[in-house]
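> dropping the sequence and predicted coords here.
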Amino acid sequence: MPGASETNDNFGYAIALNDINGDGKADLAVGPPYVSINAEEATASITVIPGSRAALAATSAYTYNQGSPGIPGAAEDGDCFGQTLVRPWPH
């Protein structure tokens, strides 16, 4: 899994299961809303654990935050990016 465990980051606070990468398999999105990024506190991120035919592929997990390419905005104190995750509707 990318990143490091931090006190009070609340990994697993928000979760969603959906085919995020379009390969026909369910992927797990996990939002730990209180993760710190660089010197910014509670900036947070979303970790995506891709699905495979057998199970979730934790060794292929990747993370997005507001400092990631293609994600609007910037990583700032208190963003809590990923605090809420929802499945797109209708699906």
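That came through, no problem. Residues are numbered from 1 along each chain as shown.

> tell me the contacts of the most centrally placed residue in the chain?
Residue closest to the mean C-alpha point of the chain, counted by Cα atoms, centre = their mean, is Ile46 at 1.4 Å. Contacts of Ile46 were listed using Cβ atoms under 8 Å, 6 or more residues apart in numbering, and they are Ala29, Val30, Gly31, Thr63, Tyr64, Asn65, Phe81, Gly82, Leu85. C-beta coordinates here come from the backbone N, C-alpha and C atoms, glycine included.

> tell me the SS of the second one?
Right, the one you point to is Val30. Per DSSP: H, G, I helix; E, B strand; the rest coil, the secondary structure class of Val30 is strand.

> can you get me a residue count around it?
20 (other Cβ atoms under 10 Å).

> just give me the neighbour total for the closest residue to it other than its chain neighbours.
Residue nearest to Val30 in three dimensions, not counting chain neighbours: Thr47, with 4.7 Å by Cβ to Cβ, 6 or more residues apart in numbering. By other Cβ under 10 Å, the residues close to Thr47 number 23.
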